[in-house]
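Asker: give me a 3D structure for the following:
(one chain, ligands or ions: 1)
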Amino acid sequence: EISLKYGADRLGKRHDDSMRKFRDNRLGAFIHWGLYAIPGGEWNGKVYNGAAEWLKSWAKVPADEWLKLMDQWNPEKFNAKAWAKMAKKMGVKYVKITTKHHEGFCLWPSKYSQYTVAQTPYKKDILGELIKAYNDEGIDVHFYFSVMDWSHPDYRYDIKSKEDEAAFNRFLEFTDNQLKELATRYPTVKDFWFDGTWDASIKKNGWWTAHVEQMLKDMLPGVTINSRLRADDYGKRHFDSNGHLMGDYESGYERRLPDPVKDVKVTRWDWEACMTVPENQWGYHKDWSISYVKTPLEVLERIVHAVSMGGNMVVNFGPQADGDFRHEEKELADAIGKWMQEYGECIYGCDYAGWDKQSWGYYTRKGKDVYMVVFNPPYSKLLVVKTPKGTKVTKAVLLDGKDIGVKETARNEYNVNMPAKAPAGPFVIKLQIEEDASVTDKYRDALT
Ligand SMILES: COc1ccc([C@@H]2N[C@@H](C)[C@@H](O)[C@H]2O)cc1
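Answerer: Down below sits the predicted model:
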């Protein structure tokens, strides 16, 4: 291994209470809310199909013109308690909120910027209202923070001169001040999820990314930090030059998931995926017909897929400028919440089971309990289960306790019966197992 000053601070997963809570939460919601919600993907009469929170970039709007949108920021339907109730009903255990996206508009009254809610007709501290409302519902709050800031004159994409260096150092100090301000004003925050950290300017300042992680952990013991913040001595990001994960969990699975067979290695570390409901819209876009919109069942399958591989899933919501949610997102929250109400025990506090994936769906595991989450019931009505050496399945029940029967068919192979009355949607079977490596069996391998 090469010696690094700004590489991974720790090898292996964190096992303290705060990280355990982060991991056991498993299901989160993203809230992308900013000035971009006002134009909703349209500028000067032209609708752009790119991500709505990037409209400033697609329409090449100068910063000062874009920030004039602040004069229209007055979400008269905004009700933090209603947002928190919606999240509670969906069954999310945490919410990640965009404190400041690339545009530079702050949802809190930062004293280090003139582009905040305080300078809008709304005036009030939206971030403060949201944290109180979510925490009152027992929901943890995580902060999304974009380092790249299109409103700040000292931001640099690369460092090519002494002036760049001086400007960017001022910018890093500005960013430190905002982060300290967030940690001081909102000490119940549990996580910082950094974005906008891919530019050469950051990669050339890996030291600063290590300093930010340490600074926040000194201020908020237990706080979790995503790998996307981090660059090492050589500008390597997420994983350092020795291949070790930096930060507390991998945060590269954005709108994609690891393959359940080819990417089993991800089960060795903590990771969190995030996803959009349309193909690629985080902020509010007025026209969702421009791309495919995932059904609630497709969202549910991604949630289960992530947990089955030892990861978290954060489902994105892009609130309207008026502070209400579009009906598609309300219906999604409702549908997911109904399923979690009935089957959530296979999600919360669960992890990778370590068994080979089967075509009918996904396994998750909590202690001695192995769950089968069935998305694709077979015509045979027989659910094939293959267990690791020394593991036997002794019982298969529905969550209401009803025994549905399991039969050993070969060494470490079983057929679990589908319930007589096939459920109307994805359902869960709980397996009772015995793990004993010393067990011998009656089976004989064929000589070939
Ligand atoms: C250039 O590619 C991207 C894609 C998405 C992003 C941001 N990350 C997501 C979590 C959203 O915030 C999106 O705007 C930034 C750059």
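Asker: from the protein, which residue is nearest to the ligand?
Answerer: Distance from the ligand to each residue of the chain (Cβ to the nearest ligand atom) is smallest for residue 282, at 4.1 Å. Where C-beta positions appear, they are placed from N, C-alpha and C, glycine not excepted.
Asker: from the chain's centroid, how far away is stretch 161-170?
Answerer: 33 Å (Cα atoms, centre = their mean, to the nearest Å).
Asker: circling back to that earlier point, now do the contacts for the residue of the chain closest to the ligand.
Answerer: Taking Cβ atoms under 8 Å, 6 or more residues apart in numbering, we find residue 282 in contact with 30, 32, 51-53, 276, 316, 318.
Asker: go through these and flag which are in strands.
Answerer: Secondary structure defined by DSSP state E assigns 30, 316 of those to strands.
Asker: near the ligand, which of the contacts of residue 282 show up?
Answerer: Filtering those for proximity to the ligand (criterion: Cβ under 6 Å from any ligand atom) leaves 32, 51, 53.
Asker: secondary structure class for residue 370?
Answerer: Secondary structure assignment for residue 370 (DSSP: H, G, I helix; E, B strand; the rest coil): strand.
Asker: what is the nearest residue to it once chain neighbours are set aside paired to in the beta sheet?
Answerer: In this structure, residue 370 finds its nearest non-sequential neighbour in residue 431, 4.4 Å apart by Cβ to Cβ, 6 or more residues apart in numbering. Residue 431 forms beta bridges with residue 370, residue 396, as assigned by DSSP bridges.
Asker: what distance do you get for residue 431 to residue 371?
Answerer: In this view, residue 431 and residue 371 are 7 Å apart by Cβ to Cβ, to the nearest Å.
Asker: so where does residue 83 fall, helix or strand?
Answerer: Following DSSP states H and E, one finds residue 83 within helix 80-90.
Asker: how about that helix: buried residues?
Answerer: Within helix 80-90, the residues that count as buried by 16 or more other Cβ atoms under 10 Å are 80, 83-84, 86-90.
Asker: just for the stretch 1-150 of the chain, where's the confidence low?
Answerer: Scanning the stretch 1-150 of the chain for pLDDT under 70 picks out no residues.
Asker: can you give me the helices in the stretch 51-200 of the chain?
Answerer: Counting by DSSP state H, counting those that start in this stretch, one finds helices in the stretch 51-200 of the chain at the ranges 55-58, 63-66, 80-90, 126-136, 162-185, 200-203.
Asker: other residues contacting the fourth one?
Answerer: Read that as helix 126-136. The contact list for helix 126-136, computed with Cβ under 8 Å, 6+ apart, reads 31, 33, 75, 78, 80-81, 83-84, 87, 95, 97, 99, 107-108, 117, 140-141, 185-186, 188-189.
Asker: contact residues of the stretch 1-150 of the chain facing the ligand?
Answerer: 32, 51, 53-54.
Asker: the stretch 301-448 of the chain: strands as residue ranges?
Answerer: Ranges of strands within the stretch 301-448 of the chain are 311-317, 361-366, 369-374, 382-386, 391-398, 406-410, 413-417, 427-435, based on DSSP state E, counting those that start in this stretch.
Asker: quick one: contacts for the closest residue to residue 334 other than its chain neighbours?
Answerer: Leaving aside its chain neighbours, residue 334 sits nearest to residue 89 (6.8 Å; criterion: Cβ to Cβ, 6+ apart). Applying Cβ under 8 Å, 6+ apart, we find residue 89 in contact with 333-334, 337.
Asker: out of those, which is most surrounded?
Answerer: residue 333 (22 neighbours; other Cβ atoms under 10 Å).
Asker: show me the contacts for the residue found closest to it once you drop the neighbours it is linked to in the chain.
Answerer: Using Cβ to Cβ, 6+ apart and skipping the chain neighbours, the partner closest in space to residue 333 is residue 90 (4.0 Å). Listed by Cβ under 8 Å, 6+ apart, the contact partners of residue 90 are 29, 333-334, 336-337, 340.
Asker: what about 10 Å?
Answerer: The contact partners of residue 90, taken as Cβ atoms under 10 Å, 6 or more residues apart in numbering, are 27-29, 139, 315, 317, 329-330, 332-340.
Asker: can you select the buried ones from those in ChimeraX?
Answerer: Burial among the contacts of residue 90 is assessed by 16+ other Cβ under 10 Å; the matching ChimeraX selection reads:
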select :27,28,29,139,315,317,329,332,333,335,336,337,339,340
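Asker: what about residue 71, neighbour count?
Answerer: 11.
Asker: please read the previous query as pertaining to residue 186.
Answerer: Neighbourhood size, residue 186 [other Cβ under 10 Å]: 20.
Asker: please shift the residue numbers so they start at 8 in all later answers.
Answerer: Shifting the count to begin at 8 puts that one at residue 193.
Asker: leaving out chain neighbours, which residue sits closest to it?
Answerer: Residue 193's closest residue in space is residue 138 (Cβ to Cβ, 6+ apart), at 5.4 Å.
Asker: cool, residue 419 as well?
Answerer: Sequence neighbours aside, residue 394 is the residue nearest to residue 419 in space, at 4.7 Å (criterion: Cβ to Cβ, 6+ apart).
Asker: need the pLDDT of the one you found.
Answerer: At residue 394, the pLDDT value in this model is 98.
Asker: hmm, back to that, report the two of the residues of the stretch 8-157 of the chain next to the ligand separated the most.
Answerer: 39 and 61 (11.0 Å; Cβ to Cβ).
Asker: give me the more crowded residue out of the two.
Answerer: Neighbour count, other Cβ under 10 Å: between residue 39 and residue 61, residue 39 has more, with 23 against 20.
Asker: enumerate every residue touching that one.
Answerer: Residues in contact with residue 39, defined by Cβ under 10 Å, 6+ apart, are 58-60, 103-105, 108, 151, 283, 288-291, 323-326.
Asker: sorry, back to before: what's the closest of the ones next to the ligand among the contacts of residue 289 to residue 432?
Answerer: Using Cβ to Cβ, these come closest to residue 432 at residue 39, 28.4 Å.
Asker: and the stretch 208-357 of the chain, which residues reach the ligand?
Answerer: Taking Cβ under 6 Å from any ligand atom as the test, the list of the stretch 208-357 of the chain residues beside the ligand reads 261, 281, 289.
Asker: just send these back as JSON lines, with distance to residue 409 and secondary structure too.
Answerer: Below are those laid out as JSON lines (distance: Cβ to Cβ, whole Å; DSSP: H, G, I helix; E, B strand; the rest coil):
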{"residue": "261", "distance to residue 409": "40", "secondary structure": "strand"}
{"residue": "281", "distance to residue 409": "36", "secondary structure": "strand"}
{"residue": "289", "distance to residue 409": "42", "secondary structure": "coil"}
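Asker: can you put those in JSON lines and add distance to residue 8 and pLDDT?
Answerer: Shown next, in JSON lines, are those (distance: Cβ to Cβ, whole Å; pLDDT from 0 to 100):
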{"residue": "261", "distance to residue 8": "29", "pLDDT": "98"}
{"residue": "281", "distance to residue 8": "31", "pLDDT": "98"}
{"residue": "289", "distance to residue 8": "37", "pLDDT": "98"}
